[in-house]
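*Asks:* build me a model:
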Amino acid sequence: MAYVPVPKDLSKVKTKVALNLTKRQIICFVLAGVCGFPVYFLTKSVIGIDVAATLMVILMLSFFFLAMYEKDGLASEKAERSQAMDKAEEKPSIMDTLKEKKRRQCRVCQHRWGK
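*Replies:* Predicted coordinates:
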């Protein structure tokens, strides 16, 4: 008899809508097509086919990145936002930095003059 493991944490399981893609992926792929193909067709006569195709690919890759990238189960913009929040919490304020610099200067002056 075949054994199929079933995960206990179902929050990581994503529902697939069509063609084994999530709703987010479908939306991003459609937006990539809606933005990429007109750019190609409108610019190929002006800048040439090769450059227009390259421009289209670069534009569409940004949407593909938004659709596919995940870090720790978070989508790209949520992962970036949480990383920025973590950095903001770790960063000392400007006043704390200035006070610490002033304290170090006072210690150096006292050490030099033997006080």
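
*Asks:* following the helix with the most length in the chain in sequence, what is the next regular element?
*Replies:* Longest helix in the chain by number of residues, with DSSP state H as the criterion: helix 23-47. For helix 23-47, the succeeding helix or strand toward the C-terminus, using DSSP states H and E, is helix 49-68.

*Asks:* who touches that following helix?
*Replies:* Residues outside helix 49-68 that contact it (CB atoms under 8 Å, 6 or more residues apart in numbering) are 24-25, 27-29, 31-33, 35-37, 39-40, 43-44, 46-47, 75-77. Every C-beta, even on glycine, is put in place using the N, C-alpha and C of the backbone.

*Asks:* in it, what's buried?
*Replies:* 52, 55-56, 60, 63, 66-67 (16 or more other CB atoms under 10 Å).

*Asks:* let me know the angle separating it from helix 23-47.
*Replies:* Angle of helix 49-68 versus helix 23-47, following axes from the mean of the first three to the mean of the last three CA atoms, to 10 degrees, is 170 degrees.

*Asks:* noted, bye for now.
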